[in-house]
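Asks: with the sequence up front, the predicted model follows.
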Amino acid sequence: MSHVRRRTSLIAVGSAIALVATLAACADNTDPAAEPVTSASSASGDPSPSTSPSESTTSTASGDLPTVKGSFGQAPTISVPESDPPSDLVVKTLEQGNGPATKAGETIVVNYAGVRWEDGQTFDSSFDRGAPAGFGIGVGAVIPGWDSGLVGIKAGSRVLMVLPPDQAYGDTPPGDPIQAGDTLVFVVDVLGSHAGNAAAKGDPAPTEDDSLPYVSITPKAPEIVVPPGSPSKQLIVIPVVVGKGAKVQKGDTVVVQYKGVLWRTGKEFDSSWSRQQPFVTTIGQGAVIPGWDKGLVGQTVGSRVMLVVPPKDGYGNAGQGDIKGTDTMVFAVDILGAY
């Protein structure tokens, strides 16, 4: 469980986002807001083997595929033909990007829109919400057609995906408007991908204040050493590695690695590094604890940021789990991307 989220419902898009409410299988009713990377329950079947776009096959002529208006980054207009849908998974690159190709096991960030083949009805769109989505790919976090179709796609690409029922939900749909046996059509813009061991890549700026925690600056899982004495009652934000990327803006979807320890014990209570899965969230809008919202806005991509978070900027007097209402938390946060 991720401890950087609030105790209450945290992610504003959590109830609507198709990655958790639609693309993930519905057999498991785990609340996705309690899990990292907005990952939801396992896919409804074993994901198909990874397939590159050039390997995707269909018995349907290309002229019978949906048409798409709009360029990468723009909300697409999807028109579905009146012919029967293809029986095989279709992945067609509409615009080829120049970024790295996604690999199974990575965390990818996408914008997408989805419609039913049967009537062209839109059932979800991250474009409409104005917030990209992030999730692990090729690991069963989403429906099989996504796990197969998005591995090998280069960042900056726009792809058309047609998912027959066996690559989507089959006879166990998540609910209206998706029905049993539906063929689903997606347009997906792949914004970026991040490996499970990705780390900050910037200029070292180690702290020399013995009253502050020590955070290692090497590009791997951080070491955090808490000093003796009482912590500050104020939020402390110090980049110990300064990245050269863009500044994080309020409302950005950010991809981070992080480790958190308690000042009281020095012991780790949560870590994306331990899961080998970067964490994706919206920043500056109450999706996470106040210390993160305040401390990460304005930092640059590629940075490792030390956050010393007092209770008032964490979980308050109520605490959470093993975190007491009086506990100060210390985080090392590597900012891998902002979208």
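Replies: Yep, that arrived.
Asks: only C-alpha atoms for contact and neighbour calcs from this point on.
Replies: Fine.
Asks: tell me what the nearest residue to P100 once chain neighbours are set aside is bridged to.
Replies: Spatial nearest neighbour of P100, chain neighbours left out: K154 (5.2 Å); criterion: Cα to Cα, 6 or more residues apart in numbering. Legend: beta-bridge partners of K154 under DSSP bridges are A101.
Asks: go on, the one 5 residues further on?
Replies: Here V159 sits in beta bridges with T93, V188, going by DSSP bridges.
Asks: relative to S230, how far out is R116?
Replies: Distance, R116 to S230, by Cα to Cα, to the nearest Å: 58 Å.
Asks: show me which of the two is the more surrounded one.
Replies: Counted by other Cα atoms under 10 Å, R116 and S230 do not tie: R116 has more neighbours, with 20 against 10.
Asks: where does the chain have its least confident helix or strand?
Replies: For the chain, counting by mean pLDDT, DSSP states H and E, helix 18-21 ranks last in confidence among helices and strands (a mean of 32).
Asks: neighbours of the residue nearest to P100, how many?
Replies: Should you count by other Cα under 10 Å, K154 turns out to have 23 residues around it.
Asks: go on, D322?
Replies: Other residues near D322 come to 9 when the count uses other Cα under 10 Å.
Asks: how about F127?
Replies: F127: 17 surrounding residues under other Cα under 10 Å.
Asks: from what I can see it touches V110, true?
Replies: No - in terms of Cα atoms under 8 Å, F127 does not count as a neighbour of V110; the distance is 9.9 Å.
Asks: that older thread, ok, now which ones touch the residue nearest to P100?
Replies: With contact taken as Cα atoms under 8 Å, 6 or more residues apart in numbering, K154 is in contact with Q96, G97, N98, G99, P100, A101, T102, V190.
Asks: okay, the fifth one and A195: tell me how far apart.
Replies: Right, the one you point to is P100. Counting by Cα to Cα, the gap between P100 and A195 amounts to 11 Å.
Asks: neighbour count winner among the two?
Replies: More neighbours sit around A195 than around the other of P100 and A195, counting by other Cα under 10 Å; the figures are 18 against 14.
Asks: touching, that one and E106? I think so.
Replies: Yes - contact between A195 and E106 holds when scored by Cα under 8 Å: they sit 4.6 Å apart.
Asks: identify the bridge partners of M329.
Replies: Residues found in beta-bridge contact with M329 (criterion: DSSP bridges) are L262, V309.
Asks: can you pull the contacts of it?
Replies: The contact partners of M329, by Cα under 8 Å, 6+ apart, come to G260, V261, L262, W263, L307, V308, V309, P310, P311, G314.
Asks: same check on S272?
Replies: When contacts are counted by Cα under 8 Å, 6+ apart, S272 touches P36, Q257, Y258, K259, P278, F279.
Asks: redo that, cut-off 7 Å
Replies: Contacts for S272 were tallied using Cα atoms under 7 Å, 6 or more residues apart in numbering; they are Q257, Y258, K259, P278, F279.
Asks: for R129, see how far away it is.
Replies: Using Cα to Cα, one obtains 26 Å as the distance from S272 to R129.
Asks: same thing with G295?
Replies: From G295 over to R129 (counting by Cα to Cα), the distance is 24 Å.
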